[in-house]
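> Sequence and predicted model, in that order:
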Amino acid sequence: MPVKPVIDTISIFKNALQDGPGPKYMRLAQGIEQAINNGAIGQGLKLPPHRILADKIGVTAGTVSRAYSELERMGLVMARVGDGTFVRAREQERPRDVGFRNFIEAPDECHDMSRNMHIPGMEATLLARTMAQLSGDVERLQELMLYTPDMGIQRHRQAGAQWLAHGDFRSSAEQILCVNGSQHGLLTVLIAMLRAGDTLVTEHLTYPGLISVARFLGIKVLGIEMDEEGLIPASLAEICGINRVSALYCTPTIQNPTTAILSPERRKEIAQICREHNVLIIEDETHGVLMQDRPMPIGMYAPERGIIISSLSKGVAAGLRAGYVHVPQALVGRHAAAIRNSCWMASPLPHEIAYLWIEDGTARSLLHQQIAEIERRKQAVEKLLQGLTYRTHQYSPHFWIEVPAPWRASEIEYSLRQRNHLISIADAFSIGKGTVPQFVRASVSNASGGDQALHDGFAMLAQVLRHGINQESSMLL
């Protein structure tokens, strides 16, 4: 973007530095803030580079840097590494700048294929039945209305261990902490184990919620190269050899967004690399529970450093907000402190419902229904994607689709949005400023509109991908 308006705005910056209370950087920031608010500096404008502005208004580059940082803290500007500092304009923000939001306030007429959501089934009816049962047990309800242990009530922790168990992997209640969903679990794990300035590595395309929370906590995130199976061990070893890495975060089963699944052999290799470099292993199994015959966790091969995050969000009910974190016994205290410092304790009522459903098989029954519905929906639309290059997995609720040249994923996303269909693009999952693959992610899990809306959304997506942006759409771009 050209910096033509720089000369026109120099007088604004100089006037802001006139004698007044407070340090220079604050006076400069306040002057720019006033100019933004009254429209003298327009939305989307690129502010002058630190050194150039400093020379023109007679201050140090540090003063300009601190002023820009204050404006960024107030949400008035955004800094893009390698690009510069821009006055914030929402319609110009990239997905990685906006941050992760699981709930999107979109018009009702929009068909949302951008998110992997739990598909509603019988859970509301079952919840009504369970609540009626609980209403007759005043003593238990009284327990649930009190403060509980920060790690969770013992029976709730036992239910978490049961939920995470698969194949030869078993946890114990003593290693389980109850959290308010997977995102809260991820937050508490990072609070417990990392500090601002620490380095965490992950797949170069990863869960946007990880990017958001790491940025919030001041944790540096580096991307690991991937192939069709997932993260490449050699790339992990190379990064760990160059950088002081504190933790690895990954989704080894139904990787988000690529749907890759790490083989047992590669999981063992990754565990060995993490041991050699003293790297913590954080595995996200929120989607992994959809694959009940999945391989053993990476942490099973290095149990002293393996942490697993899971929940009932994708398989049972997103609104229940019942999640679990499995940690090595020696680290339980640190994680309990992180939960205590973030929210005192996980909400006991949802965890009581989760406990009852896990114990009596309701949770597994709802999980099986979810898996069957995902499979049914994918079979209904997969034929529409014939001829396109894409990846998916039997248990994945989304397709990872390559955008044919010469079109870009952002153009496809914009064109579909004009037609009231929402998808996600690779940029939202990307770590760093490297080359982003031209892929889009389309999910089958939107519940509104029924099968007809599902068919129409994927038909429109396939049409745009095959034929590109038509003349009408190009005029909109």
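Ah, there it is.
> SS state for the residue most central in space within the chain?
The structure's the chain has its C-alpha centroid closest to Gly209; by CA atoms, centre = their mean the separation is 2.1 Å. Classification of Gly209 using DSSP: H, G, I helix; E, B strand; the rest coil returns helix.
> isn't it right up against Gly185?
No: applying CB atoms under 8 Å, one finds Gly209 not in contact with Gly185, separated by 10.6 Å. C-betas here are computed from N, CA, C, even on glycine.
> Now Tyr25: closest residue in space that isn't a chain neighbour?
Arg66 (3.8 Å; CB to CB, 6 or more residues apart in numbering).
> For the one you found, what is the enclosing helix or strand?
If you go by DSSP states H and E, Arg66 is part of helix 61-73.
> quick one, what contacts the nearest residue to Ala302 once chain neighbours are set aside?
Distance criterion CB to CB, 6+ apart; nearest residue to Ala302, sequence neighbours excluded, is Ala271 at 4.1 Å. Residues in contact with Ala271 (CB atoms under 8 Å, 6 or more residues apart in numbering) are 281, 298-299, 301-302, 306.
> So which of these is the closest to His111?
Each of these was checked against His111 using CB to CB; the closest is Ile298, at 36.4 Å.
> what residues are up against the closest one?
Per CB under 8 Å, 6+ apart, neighbours of Ile298: 250, 252, 262, 267, 270-271, 274, 281, 283, 306.
> of those residues, closest to Trp163?
Glu283 (14.6 Å).
> quick check, distance from the one helix or strand the closest one maps to to the centre of its chain.
Using DSSP H and E, Glu283 falls within strand 280-284. Taking CA atoms, centre = their mean, to the nearest Å, one finds the center of strand 280-284 at 15 Å from the center of the full chain.
> so what strands line up beside it?
Within its sheet, and counting by DSSP bridges, strand 280-284 is paired with strand 245-250 (parallel), strand 306-311 (parallel).
> Kindly present the ones you listed as CSV, with separate columns for distance to Ser114 and mean pLDDT.
CSV is the format used below for the strands paired with strand 280-284 (distance: least, CB to CB, whole Å; pLDDT from 0 to 100):
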stretch, distance to Ser114, mean pLDDT
strand 245-250, 22, 98
strand 306-311, 20, 98
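> ranking those by burial, who's on top?
Neighbour counts (mean count of other CB atoms under 10 Å) averaged over each of those peak at strand 306-311, with a mean of 26.
> ok, back up a step: determine which two of the contacts of Ala271 are furthest apart.
Going by CB to CB, the pair spanning those furthest: Ile281 and Tyr301, at 9.1 Å.
> more crowded one of the two?
Ile281 (27 against 18; other CB atoms under 10 Å).
> quick one: the more buried one from Glu304, how far?
Separation of Ile281 from Glu304 (CB to CB, to the nearest Å): 10 Å.
> Kindly report the same for Leu366.
For Leu366, the distance to Glu304 - CB to CB - is 34 Å.
> taking the mean pLDDT, what do you get for the strand holding Glu283?
Average pLDDT, strand 280-284: 98.
> Not counting that strand itself, show me its contacts.
182, 186, 189, 193, 207, 210, 246-252, 256, 270-271, 274, 297-299, 302, 305-310.
> ok, longest helix in the chain?
Longest helix of the chain, by residue count under DSSP state H: helix 362-382.
> Just the CA trace of that helix, in PDB.
C-alpha atoms of helix 362-382 as PDB (Å, rounded to 0.1, in the frame of the first residue of the first chain):
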ATOM      1  CA  THR A 362     -25.400 -41.900  26.900                       C
ATOM      2  CA  ALA A 363     -22.300 -40.100  25.900                       C
ATOM      3  CA  ARG A 364     -21.000 -42.900  23.800                       C
ATOM      4  CA  SER A 365     -24.400 -43.400  22.200                       C
ATOM      5  CA  LEU A 366     -24.500 -39.700  21.200                       C
ATOM      6  CA  LEU A 367     -21.000 -39.900  19.900                       C
ATOM      7  CA  HIS A 368     -21.900 -42.800  17.700                       C
ATOM      8  CA  GLN A 369     -24.900 -40.900  16.400                       C
ATOM      9  CA  GLN A 370     -22.600 -37.900  15.700                       C
ATOM     10  CA  ILE A 371     -20.200 -40.100  13.700                       C
ATOM     11  CA  ALA A 372     -23.000 -41.600  11.700                       C
ATOM     12  CA  GLU A 373     -24.500 -38.200  10.900                       C
ATOM     13  CA  ILE A 374     -21.200 -36.900   9.800                       C
ATOM     14  CA  GLU A 375     -20.700 -39.900   7.500                       C
ATOM     15  CA  ARG A 376     -24.200 -39.500   6.100                       C
ATOM     16  CA  ARG A 377     -23.800 -35.900   5.300                       C
ATOM     17  CA  LYS A 378     -20.400 -36.300   3.700                       C
ATOM     18  CA  GLN A 379     -21.700 -39.100   1.500                       C
ATOM     19  CA  ALA A 380     -24.500 -36.800   0.400                       C
ATOM     20  CA  VAL A 381     -22.200 -34.000  -0.800                       C
ATOM     21  CA  GLU A 382     -18.900 -35.800  -1.700                       C
END
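> excluding its backbone neighbours, what's nearest Cys291?
Small correction: residue 291 is Met, not Cys. Tyr395 (4.4 Å).
> so that neighbour makes contact with Ile374?
Yes: assessed by CB under 8 Å, Tyr395 is found in contact with Ile374 at 7.0 Å.
> shared neighbours of the two, which are they?
Leu290.
> ok, back up a step: possible to save the strands paired with strand 280-284 as TSV with distance to Pro348?
Shown next, in TSV, are the strands paired with strand 280-284 (distance: least, CB to CB, whole Å):
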stretch	distance to Pro348
strand 245-250	28
strand 306-311	16
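> closest to Leu71 out of those strands?
strand 245-250 (30.6 Å).
> what residues go with each domain of the protein?
Here the domain parsing of the chain from automatic domain parsing is 6-92, 103-120+368-476, 123-364.
> right, so those: which one is the most enclosed?
domain 123-364 (a mean of 19).
> Show me how far it is from its chain's centre.
Distance, centroid of domain 123-364 to centroid of chain: 13 Å (CA atoms, centre = their mean).
> How far does that domain stretch from one end to the other?
With CA to CA, to the nearest Å as the measure, domain 123-364 spans 12 Å from end to end.
> thinking again about what came up before, joint contacts of Gly209 and Gly185?
By CB under 8 Å, 6+ apart, no residue touches both Gly209 and Gly185.
> Alright, calling it a day.
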